[in-house]
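> pasting a predicted model and its sequence here:
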Amino acid sequence: MALTRRELAKRTRGEHPRDRVLIARTLVWAGRGYLAVLGIVLVGSWLARPVWMSAPRLTGTPSHWIADVTLAFLLALAIVWPLLLLPVSSLALTSADEAWLSGMTVLGRRRVEADSVRTARITLPGRGYSTYVATLRDRRLRFLIVVGSGMWEYRHFEAIAGYPIPDPHRHARAMSRYLIGAAVIGVSVFFGIALMLLLGALVGLFQIS
């Protein structure tokens with residue numbers, strides 16, 4: 001039987017250091033707040049579009065201020081969009097029982113069946129410690145993307161995924177995972193820029209004279 005949300009939260013707090021759980025939860029709620037504010041900013045930008053299209057953008061004017069705020073929000077979206085728009089969970093916010101592996105994401109709690117989960121992993125190169133990403137998919141095509149750091153690992157994830165993050169015993173696959181991770185970063189940057197330009201064009205940000 002699957003655990004309730006309260007039981008999952010209690011189990012998570014018991015398995016992970018409190019400081020990491022607190023930081024991870026704060027980032028999740030910050031992401032949710034960002035998406036809410038982003039919606040308001042985009043609506044406001046759309047409503048201000050006639051002003052932008054009919055007059056130059058002068059420093060210090062309301063249209064200039066709105067444009068700068070919108071651009072800042074879109075730039076942030078271009079950088080961190082995978083964490084906001086995909087079911088990504090920190091290892092510190094995951095928990096497991098015999099039936100499910102669950103994680104708290106910006107989009108809400110996501111879970112996959114433990115007995116049918118299939119795992120694909122990549123490594124995102126970093127300075128000092130790398131970031132390890134595992135994409136979990138079950139037979140019903142439910143996805144959960146779990147992100148962890150080389151600084152720590154958790155036993156319950158090892159039991160579900162079948163091996164730890166990082167895995168020190170599979171050196172032959174390390175280089176390919178780094179290369180795939182670098183390619184994923186490149187694709188993410190390209191998609192983020194495209195998303196920023198698309199939304200900016202829709203609200204008229206990049207059409208201001």
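Cool, the structure landed. Numbering: from 1, shown residues only.
> helices along this protein, start to end?
Along the chain, the stretches classed as helices by DSSP state H are 5-15, 18-47, 49-54, 62-85, 155-161, 174-202.
> let's have these in a markdown table, adding distance to Ile145 and mean pLDDT.
To be clear about C-beta, it is placed using only N, CA and C from the backbone, and glycine gets the same treatment. Below are these laid out as a markdown table (distance: least, CB to CB, whole Å; pLDDT from 0 to 100):
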| stretch | distance to Ile145 | mean pLDDT |
| --- | --- | --- |
| helix 5-15 | 17 | 48 |
| helix 18-47 | 13 | 90 |
| helix 49-54 | 35 | 65 |
| helix 62-85 | 8 | 86 |
| helix 155-161 | 12 | 50 |
| helix 174-202 | 11 | 87 |
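> so which of those gets nearest Ala96?
Checking those against Ala96 by CB to CB gives helix 155-161 as the closest, at 4.1 Å.
> for the helices of the chain, which one sits closest to Ser116?
helix 155-161 (11.2 Å).
> Ala99: neighbour count?
Counted by other CB atoms under 10 Å, the residues lying close to Ala99 total 13.
> now Asp97
17.
> how about it, phi and psi?
Note on Asp97: backbone dihedrals following degrees, to the nearest 10 are phi -130, psi -170.
> rewinding a little: columns distance to Leu91 and mean neighbour count on top of the helices of the chain, output as CSV?
Below are the helices of the chain laid out as CSV (distance: least, CB to CB, whole Å; neighbours: other CB atoms under 10 Å):
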stretch, distance to Leu91, mean neighbour count
helix 5-15, 10, 15
helix 18-47, 8, 14
helix 49-54, 43, 14
helix 62-85, 14, 17
helix 155-161, 6, 17
helix 174-202, 17, 14
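> identify whichever of those lies nearest to Gly108.
helix 18-47 (9.2 Å).
> the closest one packs against which elements?
With contacts taken as 3 or more CB pairs under 8 Å, 6 or more residues apart in numbering; DSSP states H and E, helix 18-47 sits against helix 62-85, strand 88-90, strand 100-105, helix 174-202.
> try 7 Å
Using 3 or more CB pairs under 7 Å, 6 or more residues apart in numbering; DSSP states H and E, the elements in contact with helix 18-47 are helix 62-85.
> and the end-to-end length of stretch 85-96?
End-to-end span of stretch 85-96 (CA to CA, to the nearest Å): 23 Å.
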